[in-house]
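Undergrad: Starting from these lines, generate the structure:
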Amino acid sequence: MCQDAPAPPPDIRTLTGRMAEGEETAWRQFHELYFPRLLRYLLVVSGGRDDVARDALQATFLRVVRHIRRFEQEDALWSWLTVLARSALVDDERKRSRYRSLLDRFFLREHALPASHDPAADARLLALLEHHLTVLPAEDRALLEQKYLNGSPVRAIAHAAGATEKSVESRLVRIRRHLRESILSQLNHEDTH
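TA: Down below sits the predicted model:
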């Protein structure tokens, strides 16, 4: 008896058209076809960093959902997917860079922690920063993100909020101090246990 032959590759024009129409089975088929291939691509482009590649892959699929259109040929679809994937990877790297900059402002410049060239220690600090940012009140988190992640000047933030620059700076100082103390407290607690 012969074994079942593998299914022929789908017609890209039909598949992407069905995806653009929101057909769930088409999306599942797309995922099965392109998840492993895009993951391999991102692993190569990211230098083998699995966590970075998987984060970028997730962002890539979100972009595909938002911007899918009908493609006539598979090579055009693949080119588009790799552009989305590289863009997601670059965006993720920028975000990580902004977080590192935020860590630098909060800790290294104020000599609260020694400068580290240990990627594991930096990753731990980034994870703590991300966690403590999520537990801040939404208004405080938004202010930090405007200033340090988006790079907005204090003058623009104050103008948008209808506040003075001095009051925005004071809030930033208080929030940074609270965030720094929370993270240092957790680090000290981990060191003693």
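
Undergrad: chain center to the lengthiest helix in the chain, what's the gap?
TA: Using DSSP state H, we find that the single longest helix of the chain is helix 74-103. Computed by Cα atoms, centre = their mean, to the nearest Å, the chain-centroid distance of helix 74-103 equals 9 Å.

Undergrad: Show the average pLDDT along that helix.
TA: Averaged across helix 74-103, the pLDDT comes to 83.

Undergrad: Which positions within the helix or strand following it qualify as buried?
TA: Note on helix 74-103: by DSSP states H and E, the next helix or strand toward the C-terminus is helix 119-135. Buried positions in helix 119-135, judged by neighbour count with 16 or more other Cβ atoms under 10 Å: 125, 128, 129, 132, 133. C-beta coordinates here come from the backbone N, C-alpha and C atoms, glycine included.

Undergrad: now the residues you listed in CSV, with distance to residue 93 and pLDDT?
TA: Output for the buried residues of helix 119-135, formatted as CSV (distance: Cβ to Cβ, whole Å; pLDDT from 0 to 100):
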residue, distance to residue 93, pLDDT
125, 17, 75
128, 20, 81
129, 16, 79
132, 22, 83
133, 18, 82
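
Undergrad: Reformat these as TSV; add distance to residue 180.
TA: TSV is the format used below for the buried residues of helix 119-135 (distance: Cβ to Cβ, whole Å):
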residue	distance to residue 180
125	11
128	11
129	10
132	9
133	12
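
Undergrad: Show me the contact partners of stretch 18-27.
TA: With Cβ atoms under 8 Å, 6 or more residues apart in numbering as the test, stretch 18-27 has contacts from 15, 30, 65, 68, 69, 70.
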